[in-house]
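**Student:** Model the structure of this input:
(one chain, ligands or ions: 1)
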Amino acid sequence: MSSITRRAFVQAGAASAAAQVPAGIRPNVLFIMLDQWRFDCLGANGNGIIRTPNLDSLASRSANFTQACVQAPVCVPSRLSFFTGRYPHSHKNRVNYTPYQQPEPMVQRLLQDAGYATGSVGKLHFNPPTAEHARSTGFDRVLLDDGIRRTDQYSDYVRWRNGADPNADVHYQTTAGDVPAGTNPFRAVVAKEYTPTAWTGRETRNVLRSLVSSDRPFFLFSSYFKPHSPHTIPEPYDTLYNDVEIPLPKAVGLDYIQRLPLPVQKMVLRGTPRYNMDRQRLLWMYRSYYGDMTWLDEEVGATLEELERTGQAENTIVILTTDHGDQMLDHGLFGKNVFFEDSVRIPLLVSWPGRIRPGVYSDLVETVDVLPSILELCGLTVPDHVQGRSFAPLVAGERSLYEPRKAQFSENIMPEVITNGDEGYFFTPGKGVGGVRHPDAKMIRTHRWKMNYYVGHGGELYDLEDDPGESTNLFDDPSYGGIVRDLKAQLLDWLITADENDQIARQWMI
Ligand SMILES: [Ca+2]
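**Tutor:** Model (predicted):
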């Protein structure tokens with residue numbers, strides 16, 4: 001199907017859903033985001049060790065997308081693709097803490113303009129990182145905590161804790177330090193009730209109550225910093241997985257890392273490389289990450305209970321997802337900024353009782369699809385600038401109106417490769433960043449194949465069916481030349497058509 005036909009298709013879908021939403025009754029939207037949450041760290045996604053009963057229960061009531069991919073494996077570019085429905089090369093925020101200066105409105109503005117009461121609690125990661133700025137993007141109410149030291153001065157959580165916690169002079173990410181052997185070295189010094197996680201949960205429920213009391217439908221973005229590192233885990237969660245041997249990723253050596261394309265090598269080896277770190281310490285990191293997830297499960301569970309208690313559960317679309325995963329030493333590194341499955345493949349749950357058909361969906365959805373899906377489910381028109389494709393027909397409407405994706409795309413300029421974490425570098429056209437032409441990497445992923453392409457530095461090709469751990473790079477193997485050529489052609493097609501609405505005037509000149 002041509003993309004122009006596709007656009008008409010999407011709009012027809014929006015119109016049909018709009019017709020289904022009774023006049024004056026639009027659903028609420030509760031959008032819950034965790035930060036750096038691995039796809040496999042959810043019981044419902046097949047993890048038999050992690051304890052996430054509330055999230056598993058939500059998954060059983062949701063469309064559970066098992067092949068969802070982020071548009072960029074790093075925070076702000078990914079978040080803005082969720083919020084704008086646009087790919088990173090179109091919304092242009094390619095690294096963290098770039099001001100969003102494009103004219104296209106974000107989801108909160110679109111819903112606010114449609115009469116929604118809007119609120120945000122927790123991490124937004126916008127720049128400038130202030131609540132006032134966040135309100136100017138379309139949030140009526142903002143309680144902010146981005147979760148990192150450099151923005152603490154703008155954090156409503158830090159301000160609150162300074163007045164409430166008798167130990168406020170100890171930074172909230174401080175760990176106990178020397179602990180007896182056999183106990184968790186990541187145990188937090190700060191008591192649970194004074195942590196960002198507890199604050200975000202509590203304030204989410206406070207803002208939820210106040211939004212429900214208005215006579216308008218609401219959009220609430222509830223955003224946790226965890227299970228993002230640094231690992232700091234308060235009692236009682238620090239000991240939850242003490243007796244559990246969580247399977248650890250396969251150890252990799254320098255020989256493996258040095259076979260990766262140069263930008264990926266640099267990413268793995270930047271700063272102090274940790275690919276050969278102590279395995280016992282790694283196990284404690286996993287136990288802390290799992291403990292965080294069980295705690296987040298309780299917080300999200302309490303919020304869903306509150307939604308039920310206010311009588312709004314039946315008329316609320318709940319979205320639960322994350323902005324990217326965490327390597328957790330898979331392939332030799334922590335964090336993200338690479339295209340491995342641990343970073344780009346994310347959990348995505350979308351529910352609406354009686355409207356969204358629960359089940360496991362293996363369709364190739366992208367995070368740019370979330371905004372048009374929200375709008376369509378709310379009976380609103382999807383603006384032309386949106387590049388995503390609504391999955392509303394797939395999960396809640398006429399399935400035949402949904403055109404399945406054949407491939408997903410992700411983009412990453414890997415700035416840390418050049419700056420090693422320093423943020424004082426700017427992009428200069430023709431010169432790159434800091435005088436270095438950065439590798440603007442692109443990923444294409446199909447049901448079977450993943451190809452990552454680094455301008456000037458070759459690529460990676462993985463067979464996700466036969467090699468789900470992405471251990472064998474087939475990019476330079478001549479017997480896969482046809483696959484590489486086909487994926488390159490699809491990548492080129494996407495690059496040409498993704499922002500066609502920015503490139504082509506609506507009316508033909510005669
Ligand atoms: Ca993030």
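
**Student:** and the gap between Pro99 and the ion?
**Tutor:** Distance of Pro99 to the ion, computed by C-beta to the ion, to the nearest Å: 18 Å. In this view, the C-beta of every residue, glycine as well, is placed from N, C-alpha and C.

**Student:** Identify the residues contacting that residue.
**Tutor:** The contact partners of Pro99, taken as C-beta atoms under 8 Å, 6 or more residues apart in numbering, are 127-128.

**Student:** In the stretch 351-500 of the chain, where is pLDDT below threshold?
**Tutor:** Across the stretch 351-500 of the chain, residues meeting the criterion (pLDDT under 70) sit at 415-425, 434, 436.

**Student:** How about the backbone phi and psi for the residue in it positioned nearest to the ion?
**Tutor:** Closest to the ion within the stretch 351-500 of the chain is Thr367: 12.3 Å, counting by C-beta to the ion. With angles defined as degrees, to the nearest 10, Thr367 sits at phi -80, psi -20.

**Student:** Next, the contact list for it, please.
**Tutor:** So Thr367 contacts 68-71, 78, 81-82, 321, 346, 348, 388 (C-beta under 8 Å, 6+ apart).

**Student:** same thing with Glu306?
**Tutor:** 205, 208-209.

**Student:** just to revisit the earlier point, any idea how far Ser155 is from the residue of the stretch 351-500 of the chain closest to the ion?
**Tutor:** Separation of Thr367 from Ser155 (C-beta to C-beta, to the nearest Å): 26 Å.

**Student:** With Phe340 instead?
**Tutor:** Taking C-beta to C-beta, one finds Phe340 at 31 Å from Ser155.

**Student:** re the thing from before, widest-spaced pair of the contacts of Thr367?
**Tutor:** Across the contacts of Thr367, no pair lies farther apart than Ile346 and Gly388, at 14.9 Å, counting by C-beta to C-beta.

**Student:** Dihedrals phi and psi, Arg281?
**Tutor:** According to degrees, to the nearest 10, Arg281 has phi -70, psi -40.

**Student:** so how far is Tyr224 from the residue positioned nearest the centre of the chain?
**Tutor:** In the chain, the residue lying closest to the centroid (C-alpha atoms, centre = their mean) is Asp323, at 1.3 Å. Applying C-beta to C-beta, the value for Asp323 to Tyr224 is 11 Å.

**Student:** so what sits against both of these two?
**Tutor:** Common neighbours of Asp323 and Tyr224 (criterion: C-beta under 8 Å, 6+ apart): 33, 35.

**Student:** which parts of the chain sit against the ion?
**Tutor:** 35, 75, 323 (C-beta under 5 Å from the ion).

**Student:** For stretch 254-267, buried residues please.
**Tutor:** Across stretch 254-267, burial judged by 16 or more other C-beta atoms under 10 Å covers 257, 260-261, 263-267.

**Student:** and if you look at stretch 196-213?
**Tutor:** Neighbour counts over stretch 196-213 (16+ other C-beta under 10 Å) mark 196-205, 207-208, 211-212 as buried.

**Student:** Ok, stretch 49-62 next?
**Tutor:** Counting neighbours by 16+ other C-beta under 10 Å, stretch 49-62 gives 50-52, 54-56, 58-59, 61-62 as buried.

**Student:** The contacts of Glu306 into a markdown table, with extra columns for secondary structure?
**Tutor:** Listed next are the contacts of Glu306 as a markdown table, based on DSSP: H, G, I helix; E, B strand; the rest coil:
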| residue | secondary structure |
| --- | --- |
| Arg205 | helix |
| Leu208 | helix |
| Arg209 | helix |
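
**Student:** Please enumerate the helices of the stretch 101-250 of the chain.
**Tutor:** 107-113, 131-136, 156-164, 196-212 (DSSP state H, counting those that start in this stretch).

**Student:** Would you reformat these as TSV and include mean pLDDT?
**Tutor:** Output for the helices of the stretch 101-250 of the chain, formatted as TSV (pLDDT from 0 to 100):
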stretch	mean pLDDT
helix 107-113	97
helix 131-136	97
helix 156-164	98
helix 196-212	98
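
**Student:** Would you mind saying which of the ones you listed lies nearest Leu492?
**Tutor:** Comparing those under C-beta to C-beta, the one sitting nearest is helix 107-113, at 29.7 Å.

**Student:** In terms of secondary structure, what does the closest one contact?
**Tutor:** Applying 3 or more C-beta pairs under 8 Å, 6 or more residues apart in numbering; DSSP states H and E, one finds that helix 107-113 contacts helix 75-84, strand 117-122, strand 218-227, helix 370-377.

**Student:** about what we covered before: among the contacts of Glu306, find me the one that's closest to Asp363.
**Tutor:** Leu208 (30.2 Å).

**Student:** For the closest one, give its distance to Glu465.
**Tutor:** Taking C-beta to C-beta as the measure, Leu208 and Glu465 are separated by 42 Å.

**Student:** on that earlier part again, mind checking which of the helices and strands packed on helix 107-113 is nearest Asn412?
**Tutor:** Among the helices and strands packed on helix 107-113, if distance is taken as C-beta to C-beta, the winner is helix 75-84, at 7.8 Å.

**Student:** what pLDDT, on average, does the closest one get?
**Tutor:** Confidence for helix 75-84, expressed as mean pLDDT, is 97.

**Student:** quick check, distance from that helix to the centre of its chain.
**Tutor:** Computed by C-alpha atoms, centre = their mean, to the nearest Å, the chain-centroid distance of helix 75-84 equals 8 Å.

**Student:** Helix or strand next in line after it, which one?
**Tutor:** Next helix or strand after helix 75-84 toward the C-terminus (DSSP states H and E): helix 88-91.

**Student:** which non-adjacent residue is nearest the residue in the stretch 251-400 of the chain that the ion sits nearest to?
**Tutor:** Taking C-beta to the ion, the ion has its nearest neighbour within the stretch 251-400 of the chain at Asp323, 4.3 Å off. Using C-beta to C-beta, 6 or more residues apart in numbering and skipping the chain neighbours, the partner closest in space to Asp323 is Ser78 (4.3 Å).

**Student:** And for Asn412, the neighbour number?
**Tutor:** Applying other C-beta atoms under 10 Å, we find 32 other residues in the vicinity of Asn412.

**Student:** was I right about it contacting Gln71?
**Tutor:** No - judged on C-beta atoms under 8 Å, Asn412 makes no contact with Gln71 at a distance of 9.6 Å.

**Student:** Overlap in contacts, those two.
**Tutor:** Shared contacts of Asn412 and Gln71, counting by C-beta under 8 Å, 6+ apart, come down to Pro77.

**Student:** who touches the residue in the chain positioned nearest to the ion in this structure?
**Tutor:** In the chain, the residue that lies nearest the ion is Cys75 (3.3 Å; C-beta to the ion). Residues counted as contacts of Cys75 (C-beta under 8 Å, 6+ apart) are 35, 96, 125, 323-324.
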